[in-house]
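Undergrad: A predicted structure for the sequence below; I have some questions about it.
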Amino acid sequence: MAGAGGVGGVLVGEDVDGEPRDEAEGGGFACVNRLTKPHAHVSSCPLCACCLLPLRCLGHIIRRSVIPAGHGPGQHQMVDRLIQVRVHDGSTLPPLHGICVGYERGQWRANQLVEHVVEWIPEFALTHREIQAIGVSNAVALVRKAARAIYTSKKFERRGELGELLLHAILREIKNTIPAVSKIYYKDSPNDTVKGFDAVHVIDAGGGDLELWLGEVKLYSDIGDAIRDVVAELLTHSTTNFLRTEFVAIINKIDPTWPQAEKLQLLLDPQTSLDAVFERVRVPVLLTYDSAAVQAHDAISAAYKADFETEIRKHHASFASRQLPRELHIELFLLPVHQKSELIDAFDRQLKAWQTI
């Protein structure tokens, strides 16, 4: 990210913590358009004089879209602290990450989590070429296009895009990955479902090598169902026929302007042995579920932390006891939620709002 002047002419100023500067703080706002009047819906969010959009919201979304590849929590000041790893154990198999978003005024932060992951939608749904082209004249149109690409259906309760978006955000912020392809972009229609892996990211491992992160996610209410279904999917997705078919599909979706395009095409080439590919593949598995620990508390306390860790480790043990593909380097991410239904309702409201900007 740039400081004053911004990226592609979009941003004009940020504080040292990466937040856009309010007019009261001096130095303008995080949009080339000037601050005008308070936003009627959110008092802290002023409107842009040119497009009348909430600047802080749009500024955050644009800022997500222009994060340089490979910038993450340890490398860029703008990264939020909403998504936190409260339990981490790299000594166990698979490695465990227990994700927590906390509470605010006695309520689990469902709305805040949704607002946070919505900021990643442009990067999630647009191609590398489109992201690089974001500027003053097309930012609104591209954000709207990205939101509409997720889904437009009124029947959203059983859709999985929120889970995929959560996985995208978690990998970007916690593992510092680089998105490789936008599978959402290539849907034939907004309400189609995308088959295959739920995330395709990479990490530059140095020496010209890439780590390939092929993600799986289950956005469920019941953790037992989530574990059962994702294990079955992992077994299917590790077969030679599936992998070869999926690799062809990924190669066909790689944006040729993406800096890592040639490296990834070479790794996934049919002439590359799967043995060599497996050495460089990581499979992050994200499972969400309605959590007794989250529901039993209303603040981050010592009792909550103890209940949270006990629950997380119990479900990790259940997952680890299953028959998992031995060739895959799996990492387990568990995100306990208060209630799945409130999360997807909040996401649908946010998504539909951004589709009409």
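TA: Happy to help now that I have it. Everything numeric here is computed off the predicted structure, so don't read it as measured data.
Undergrad: Quick check: which ranges of the chain have low pLDDT?
TA: Low-confidence segments of the chain (pLDDT under 70): 1-80, 157, 185-192, 194.
Undergrad: and the residue lying closest to residue 299 once chain neighbours are set aside, how many residues sit next to it?
TA: Nearest non-adjacent residue to residue 299, counting by CB to CB, 6 or more residues apart in numbering: residue 103, 5.2 Å away. Every residue, glycine included, has its C-beta placed from N, CA and C. Close neighbours of residue 103, defined as other CB atoms under 10 Å, add up to 18.
Undergrad: Mind listing the residues bridging to residue 103?
TA: Applying DSSP bridges to residue 103 gives these bridge partners: residue 108.
Undergrad: ok, now how distant is it from residue 110?
TA: Remark: distance between residue 103 and residue 110 (CB to CB, to the nearest Å) = 10 Å.
Undergrad: Residue 227 now?
TA: 23 Å.
Undergrad: Then residue 87?
TA: From residue 87 across to residue 110, the span is 20 Å (CB to CB).
Undergrad: just the strands in the stretch 101-250 of the chain please.
TA: For the stretch 101-250 of the chain, the strands defined by DSSP state E, counting those that start in this stretch cover 103-104, 107-108, 178-179, 199-206, 209-219.
Undergrad: okay if I get those as a markdown table plus distance to residue 347?
TA: Formatted as a markdown table, the strands of the stretch 101-250 of the chain follow (distance: least, CB to CB, whole Å):
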| stretch | distance to residue 347 |
| --- | --- |
| strand 103-104 | 18 |
| strand 107-108 | 15 |
| strand 178-179 | 20 |
| strand 199-206 | 17 |
| strand 209-219 | 10 |
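Undergrad: what about those strands, which gets the closest to residue 250?
TA: Nearest to residue 250 among these is strand 199-206 (5.7 Å), distances taken as CB to CB.
Undergrad: what comes up buried for that closest one?
TA: 199, 200, 201, 202, 203, 204 (16 or more other CB atoms under 10 Å).
Undergrad: Nearest residue to the fourth one in space, please, no chain neighbours.
TA: Okay, so that is residue 202. Excluding its sequence neighbours, the residue lying closest to residue 202 (CB to CB, 6+ apart) is residue 210, at 4.6 Å.
Undergrad: Can you name the residues bridging to the one you found?
TA: residue 204.
Undergrad: distance of it from residue 257?
TA: Residue 210 is 17 Å from residue 257, by CB to CB.
Undergrad: These two: who's more crowded?
TA: Using other CB under 10 Å, the more surrounded residue of residue 210 and residue 257 is residue 210, with 20 against 13.
Undergrad: which residues does the more buried one contact?
TA: By CB atoms under 8 Å, 6 or more residues apart in numbering, residue 210 lies in contact with 202, 203, 204, 260, 263, 264, 267, 280.
Undergrad: Next, work out how far apart it and residue 282 are.
TA: Plainly put, residue 210 is 11 Å away from residue 282 if you go by CB to CB.
Undergrad: how far does stretch 169-180 stretch from start to finish?
TA: Distance across stretch 169-180, first residue to last, is 14 Å (CA to CA, to the nearest Å).
Undergrad: Same check on stretch 259-270?
TA: End residues of stretch 259-270 are separated by 21 Å (CA to CA).
Undergrad: residues near residue 346, how many?
TA: Applying other CB under 10 Å, we find 18 residues neighbouring residue 346.
Undergrad: quick one: it and residue 108 touch, right?
TA: No. Assessed by CB atoms under 8 Å, residue 346 is found out of contact with residue 108, at 11.2 Å.
Undergrad: ok, back up a step: just give me the closest of the contacts of residue 210 to residue 307.
TA: Set against residue 307, the nearest of the contacts of residue 210 by CB to CB is residue 203 (33.0 Å).
Undergrad: Give the closest residue to the closest one in space, chain neighbours not counted.
TA: residue 211 (4.3 Å).
Undergrad: now the residue nearest to residue 202: how far from residue 177?
TA: According to CB to CB, residue 210 stands 11 Å off from residue 177.
Undergrad: Show me whatever sits in contact with both of these two.
TA: By the contact definition CB under 8 Å, 6+ apart, residue 210 and residue 177 are jointly contacted by 202, 203.
Undergrad: still on that earlier bit, more neighbours: residue 227 and residue 110, which one.
TA: Using other CB under 10 Å, the more surrounded residue of residue 227 and residue 110 is residue 227, with 23 against 20.
Undergrad: ok now do that one, which residues does it touch?
TA: Residues counted as contacts of residue 227 (CB under 8 Å, 6+ apart) are 287, 315, 318, 319, 322.
Undergrad: Partner strands of the host helix or strand of the first one, with direction?
TA: It refers to residue 287. Using DSSP states H and E, residue 287 maps to strand 281-290. Paired with strand 281-290 in the same sheet, following DSSP bridges, are strand 209-219 (parallel), strand 329-337 (parallel).
Undergrad: Following the last one in sequence, what is the next regular element?
TA: Where DSSP H and E defines the elements, the next helix or strand beyond strand 329-337 is helix 340-354.
Undergrad: so that following helix versus strand 329-337, what angle?
TA: Taking axes from the mean of the first three to the mean of the last three CA atoms, to 10 degrees, one finds helix 340-354 and strand 329-337 inclined to each other by 90 degrees.
Undergrad: list the buried ones in helix 340-354?
TA: The neighbour-count check on helix 340-354 (16+ other CB under 10 Å) flags 340, 342, 343, 344, 345, 346, 347, 348, 350, 351, 354 as buried.
Undergrad: Which residues does that helix contact?
TA: Helix 340-354 has contacts (CB under 8 Å, 6+ apart) with 61, 110-111, 113-115, 117-118, 121, 143-144, 147, 150-151, 156-157, 159, 162, 219-221, 288-290, 337.
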